[in-house]
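S.K.: Just a sequence and a predicted model for now, questions to come.
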Amino acid sequence: MTYSNSLSDDTVPLVLDTSVLINLHATRCGVDILTSIPNPIIVANIVAGELENETSRRNGEEAFLGALSAAGHVLLLDLTDQEFEMFFELTSISPSLDDGEAATIALASKRSLYPVIDEKRGRNRANANMGIDPAWSLDLILHPVIAESLGEEGHREAVFRALRDGRMRIPPESTSHVVGIIGIENAEYCTCLPGYKQLFSRREPQKMQMNQLLI
């Protein structure tokens, strides 16, 4: 199955959620990805604040965003009063969102930008507020210009690391395409894949048979 990328022919500015930045950092080529795609990249300062924790500092995620901002590759923005009103509503009315998702939706909604969100609840609320489906982290990593610039092996590794280390969420219908990119052996290390247990429970009898033959 081929993957339908919502960003292939669209250069609208993108607003990235926290988990998207974490996924891009996990690829180890996140700077190359964000500087290669033609879309301007925006991040809410509230999202940047979510990376100001011990884990993100230790993993290098905070420094990753800081370097992108310092080089002018990412624009960090504060919410306006009107955007903050939407942010407050999204974080206080059930089902509430976390701060990063709410800030991303508020910025995108009020400024007619395109949100990039992976979590189901955030995607649903963005759709309800804006009438569009947000892009995924996967759309950034599978952008045609990225596949070309990284080369086949580099691209495969980027997708694999985002899944294994970033625990990137992907649309369930894209699973077979993604597994085809990274290979079934690598996919076995990516427990975040939709239907992971069902996918690999079918392989267990085959592995047992192979092990018996090797004894």
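M.R.: Now that the structure is in, tell me what you want to look at. Numbers count the residues shown, from 1 in each chain.
S.K.: What are the boundaries of the strands in this protein?
M.R.: 14-16, 41-44, 75-77, 114-116 (DSSP state E).
S.K.: need those strands in a markdown table with distance to residue 144, mean pLDDT and mean neighbour count, can you?
M.R.: For the C-beta atoms, the positions are set from N, CA and C on the backbone; glycine is no exception. A markdown table is the format used below for the strands of the chain (distance: least, C-beta to C-beta, whole Å; pLDDT from 0 to 100; neighbours: other C-beta atoms under 10 Å):
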| stretch | distance to residue 144 | mean pLDDT | mean neighbour count |
| --- | --- | --- | --- |
| strand 14-16 | 16 | 98 | 27 |
| strand 41-44 | 17 | 98 | 24 |
| strand 75-77 | 24 | 98 | 16 |
| strand 114-116 | 17 | 98 | 26 |
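S.K.: export those strands to a markdown table and tack on distance to residue 54?
M.R.: Below are the strands of the chain laid out as a markdown table (distance: least, C-beta to C-beta, whole Å):
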| stretch | distance to residue 54 |
| --- | --- |
| strand 14-16 | 22 |
| strand 41-44 | 20 |
| strand 75-77 | 21 |
| strand 114-116 | 25 |
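S.K.: Okay, now the unreliable bits of this structure?
M.R.: 1-2, 202-215 (pLDDT under 70).
S.K.: Nearest residue to the middle of it?
M.R.: When the chain is reduced to its mean C-alpha position, the nearest residue by C-alpha atoms, centre = their mean turns out to be residue 137, at 2.6 Å.
S.K.: Setting the sequence-adjacent residues aside, check what's closest to that one.
M.R.: Nearest non-adjacent residue to residue 137, counting by C-beta to C-beta, 6 or more residues apart in numbering: residue 23, 4.2 Å away.
S.K.: What residues does the one you found make contact with?
M.R.: 118, 137, 141, 162, 166, 168 (C-beta atoms under 8 Å, 6 or more residues apart in numbering).
S.K.: do that again at 10 Å, thanks
M.R.: 16-17, 30, 33, 116, 118, 136-138, 140-141, 158, 161-163, 165-170 (C-beta atoms under 10 Å, 6 or more residues apart in numbering).
S.K.: From residue 121, how far out is the nearest residue to residue 96 once chain neighbours are set aside?
M.R.: Leaving out its chain neighbours, the residue that sits closest to residue 96 by C-beta to C-beta, 6+ apart is residue 90, at 7.1 Å. In this view, residue 90 and residue 121 are 10 Å apart by C-beta to C-beta, to the nearest Å.
S.K.: which of those two has more neighbours?
M.R.: residue 90 (24 against 13; other C-beta atoms under 10 Å).
S.K.: you'd agree that one is up against residue 97?
M.R.: Yes. Residue 90 is within contact range of residue 97, at 4.9 Å (criterion: C-beta atoms under 10 Å).
S.K.: Quick check: neighbours shared by these two?
M.R.: With C-beta under 10 Å, 6+ apart as the test, residue 90 and residue 97 both reach 103, 104, 105, 106, 122, 125, 126.
S.K.: If anything else comes up later, I'll come back, but that's it for now.
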